[in-house]
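J.: Please work out how this folds:
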Amino acid sequence: MIDSIDQKILVLIQKNAGLPLSEISKRVGISPTPCWNRIKKMEERGVISARTIVLNRKAINLPVLVFLSIQVAHHSGDWISELQNVVDKYDQIIEAHRLTGSDADYLLKVVASSIEDYDNFQQKLIGELEFAKMSSSISLQEMKVSHVLPLSQCAVN
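T.: Numbers count the residues shown, from 1 in each chain. Modelled structure (predicted):
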């Protein structure tokens, strides 16, 4: 479990992973060394899985965002391994989810520089994966993109 100080630290570093330790410790009301120790402990426990920078995909010429739904005729361990290999192989696939409660079995979130670029990518997938149905939904507008998780349920103190 995390306490209220850990929660405050997480709120800050989720919004800005580059925030200096001195600023984090000042804002949560503890000295830098205990603050650093708390961050390291949360990394060791897997609460913090990565510190990263989020890029603006449009600024780096990846304006097209597609949700690719895949329906599978025959589920097997081999097919899932095959899909995992494809997901790992292509950097254009930025998220992959196994679903329930929908017509699709898997949902891939794919970025591309153009519709033509996406079409070429999809054609590669068609040649590499066995599936019953594949459907693309192109995002017209991102209304919210956040990597900040709600933490109000986490604190024990």
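
J.: Y106 and N120, how far apart?
T.: 20 Å (Cβ to Cβ, to the nearest Å). Quick note: C-beta positions are derived from backbone N, CA and C, even for glycine.

J.: same thing with N56?
T.: In this view, N56 and N120 are 23 Å apart by Cβ to Cβ.

J.: who has more neighbours, the two?
T.: N120 (11 against 8; other Cβ atoms under 10 Å).

J.: which ones are touching the residue in the chain sticking out farthest from the centre?
T.: With distances taken as Cα atoms, centre = their mean, the residue sitting farthest from the centre of the chain turns out to be S31, at 31.9 Å. With contacts defined as Cβ atoms under 8 Å, 6 or more residues apart in numbering, the neighbours of S31 are S25.

J.: how close does it get to K41?
T.: Computed with Cβ to Cβ, the distance linking S31 and K41 is 16 Å.

J.: what about the helices in this protein?
T.: In the chain, helices defined by DSSP state H lie at 4-15, 21-28, 32-44, 77-89, 115-128, listed in chain order.

J.: Tell me which residues of the longest one come out buried.
T.: Within helix 115-128, the residues that qualify as buried are Y118, F121, Q122, L125, counting by 16 or more other Cβ atoms under 10 Å.

J.: Alright, I will stop here.
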